[in-house]
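1. Please find the sequence and the predicted model below.
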Amino acid sequence: MQLEGKTWKFGDNIDTDQIIPARYLNTSDPAELAKHCMEDADAGFAAAVSPGDIIVGGSNFGCGSSREHAPISIKSAGVSCVIAASFARIFYRNAFNIGLPILECAEAVEGISQGDEVAVDAGTGTIKNLTRGKEYQAKPIPPFMQEVIAAGGLIEHVKRKLG
Amino acid sequence: MGMTITEKILARHAGRDRVEPGELISARVDAVLGNDITAPLAIKEFEKIGVDRVFDPERVYLVPDHFVPNKDIKSAEQSKLMREFARKQELVHYFEVGRMGIEHCLLPEQGLVVPGDVVIGADSHTCTYGALGAFATGVGSTDLAAAMALGETWFKVPETIKFVYEGELPKWVSGKDLILYTIGDIGVEGARYMAMEFTGPVIEKLSMDGRFTICNMAIEAGAKNGIVPPDETTSEYVRERAKRPYRFEHSDPDAQYARTITYDVSWIEPQVSFPHSPDNTRPVTRATHVEVDQVVIGSCTNGRIEDLRVAARILKRQKVHPNVRLIVFPGTQAIYLQAMNEGLLQTFIEAGGAVSTPTCGPCLGGHMGILAKGERAVATTNRNFIGRMGHPESEVYLSSPAVAAASAITGRITHPEEVI
Ligand code: SF4
């Protein structure tokens, strides 16, 4: 899967309360959640983000709550993928389960500045910073996760298992 | 080579003799859990799978606790969806308002999680149940949906960090202080993807309530699960409660650990985590300049009877500071009732505090005590992220019930010794 977009850079330990504050969790409607995506980290983000844009986070991205509303709000805001130095465990699972591509690559995070144009091959994990002409290789996606992606998310994977 | 308690529990649920850290396994789950935020999403996903029935109506637990009694129309719709699903699926353990509690206080109390279990919950603080010697971890709604259908899920077997607590616990230092101190030491990603095994003479002497508090916050260090070796204290707690047979597992003497960290607790002070991260921990004596507008005592971290007893002991015949709003929310109806019978509620009310029905409420900035811009709270909860209890420019300081109660009296963060 080829993805390309402008990057939005955030720091370390971006928690799920910053990604989607609990005050908006009285619904699970993706379009509603998208309106408040990243609100407590950058209040202007949801209004300014364009389809295909890429979030770049530091270490432990998505720590905190198990709310799947967090990756859902990112995905439905139009973000094509998240690159981070590392991800919190539950966010990592959730992102794969709902089909939001995420890549772990500390070097890329270091080499990307806010607003850089970046192209990503979600299959191979290659990350190209088009603005700066640099290329990076993300950690390989574990085989089980690849199966989930190939099936089109966890629900499809389970359907196959039961079917 | 031996195995840790976490590895043994996972191996047994995977139908294997042994498992190694890093391995991906498929494991049977003894129970799964969802709440009024995560279950509605899980139910929608479950319905996409196309099976008619959950794997076992006795082992799917649904607890509306975050926005109940419902705070607005949208949250009422979420609860309704969950309630209707529970009825349609004939779930045995659905807990309605008036009989509910905060999920992580309620399920152990009801004997629905037992030692040796594998439990997943669509709530990050599911790790609380490790206090019983179970493997319990938080997942998202889609994982919950899949497990509701299959009765199994996949895990990467975590490496374990062993924590050994030695020495004598000083007065006013509780399980909460130990875990805040630990997270302050290793950081919010110090145990990322790993198991935290809490051991040593101090843990052995700790009550079940104290152990629940410690395991509750394992996720705040990034851990997959926290776990305490089961012992006589565990037996006493589960004997009368357990709704299913249970099994005590123990780490082998030659089990492999990623690290072992030993603390001498004898000199530890009560701890306070400053905004906006649970690892931003300082001793209380370095926090006494912080004035607060609100004090929150409760939550799945510290809403148990022992927590309320400590707070009431400090607030007895005292008054809440005129500039402070004190909100106490017991973890379950049973705890609420017990607190009433012991006269604790009367103490809180006479001191000038508000006592709430069990709910997550203020803990996640849901309702029942939202902070305005610039306001500060000291809370016995587990997270002090930006905007956690309300406005993005409000602040939350985490502490034990003793420090929170003392702070309610003086209007600033206070060592309990100061007001006793
Ligand atoms: S009390 Fe707070 S931390 Fe515990 S389950 Fe409720 S919202 Fe989550």
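-> Sure, I can see it.

2. what sits against the residue nearest in space to the middle of chain B?
-> Nearest to the mean C-alpha position of chain B, by C-alpha atoms, centre = their mean, lies B:N216 at 3.5 Å. Taking C-beta atoms under 8 Å, 6 or more residues apart in numbering or on different chains, we find B:N216 in contact with B:H104, B:H125, B:C127, B:T128, B:A131, B:I179, B:G226, B:C300, B:T301, B:N382. Where you see a C-beta, it was placed from the backbone N, CA and C, and this is true even at glycine.

3. swap in B:P392?
-> Contacts for B:P392 (C-beta under 8 Å, 6+ apart) come out as A:P21, A:E39, A:D40, A:A43, B:I386.

4. From A:A22, how far off is it?
-> Distance, B:P392 to A:A22, by C-beta to C-beta, to the nearest Å: 12 Å.

5. Check whether the residue nearest to the residue nearest to the centre of chain B when sequence neighbours are not counted sits in a helix, strand or coil.
-> Residue nearest to B:N216 in three dimensions, not counting chain neighbours: B:T128, with 4.3 Å by C-beta to C-beta, 6 or more residues apart in numbering or on different chains. Using DSSP: H, G, I helix; E, B strand; the rest coil, the three-state assignment for B:T128 comes out as helix.

6. Quick check: B:T128 touching B:C300?
-> Yes - using C-beta atoms under 8 Å, B:T128 is in contact with B:C300, at 6.2 Å.

7. longest helix anywhere in chain B?
-> Longest helix in chain B, counting residues (DSSP state H): helix B:73-88.

8. helices and strands around the helix or strand of chain A with the lowest mean pLDDT, which ones?
-> Between all helices and strands in chain A, the lowest mean by mean pLDDT, DSSP states H and E belongs to helix A:143-151, at a mean of 80. The contact analysis (3 or more C-beta pairs under 8 Å, 6 or more residues apart in numbering or on different chains; DSSP states H and E) places helix A:143-151 against helix A:89-98, helix A:154-162.

9. Give me the buried stretch members for the first one, please.
-> Of the residues in helix A:89-98, those with enough neighbours to count as buried (16 or more other C-beta atoms under 10 Å in any protein chain shown) are A:R89, A:I90, A:F91, A:Y92, A:R93, A:N94, A:A95, A:F96, A:N97, A:I98.

10. Return the residues in contact with the residue lying farthest from the centre of chain B.
-> Relative to the centre of chain B, the most outlying C-alpha is that of B:G50, 33.3 Å out, by C-alpha atoms, centre = their mean. Neighbouring residues of B:G50 by C-beta under 8 Å, 6+ apart: A:K159, A:L162.

11. Show me the strands in chain A, by range?
-> A:2-9, A:54-57, A:81-84, A:102-104, A:117-121, A:126-129, A:134-137 (DSSP state E).

12. just so I know, which of these lies nearest B:T6?
-> Across the strands of chain A, B:T6 has its closest neighbour in strand A:102-104 (23.8 Å, C-beta to C-beta).

13. coming back round to it: now do the residue farthest from the centre of chain B against B:R28, distance only.
-> Distance from B:G50 to B:R28, counting by C-beta to C-beta: 22 Å.

14. same question, B:S394
-> 43 Å.

15. okay, now residue 51: neighbour count?
-> Since no chain was named, I'll use chain A. A:P51 has 9 neighbours, counted by other C-beta atoms under 10 Å in any protein chain shown.

16. other chain: chain B
-> Other residues near B:V51 number 14, with proximity taken as other C-beta under 10 Å.

17. Also B:I37?
-> Using other C-beta under 10 Å, B:I37 is surrounded by 30 other residues.

18. That one: what's it in contact with?
-> By C-beta under 8 Å, 6+ apart, the neighbours of B:I37 are A:A22, A:L25, A:R67, A:H69, B:H66, B:F67, B:Q78.

19. Let's see that with 10 Å instead.
-> A:22, A:25-28, A:65-69, B:64-67, B:75, B:78, B:82, B:122-123, B:141, B:360, B:364, B:366 (C-beta atoms under 10 Å, 6 or more residues apart in numbering or on different chains).

20. Can you report phi and psi for B:A255?
-> phi -60, psi 150 (degrees, to the nearest 10).

21. Roughly how far does it sit from B:L106?
-> B:A255 is 32 Å from B:L106, by C-beta to C-beta.

22. what does B:L315 give?
-> Applying C-beta to C-beta to B:L315 and B:L106 gives a distance of 25 Å.

23. Find the residue ranges of chain B scoring beneath the pLDDT cut-off.
-> Within chain B, no range satisfies pLDDT under 70.

24. can you list the domains in it?
-> Following automatic domain parsing, one gets these domains for chain B: B:5-262, B:271-418.

25. which residue does chain A bring closest to the ligand?
-> Using C-beta to the nearest ligand atom, A:S65 is the residue of chain A that sits closest to the ligand, at 7.2 Å.

26. I'd guessed that residue sits against A:I20; true?
-> Yes - the pair A:S65 / A:I20 is scored as a contact, 9.1 Å apart, by C-beta atoms under 10 Å.

27. the more surrounded of these two?
-> Between A:S65 and A:I20, counted using other C-beta under 10 Å, A:S65 has the larger neighbour count: 30 against 27.
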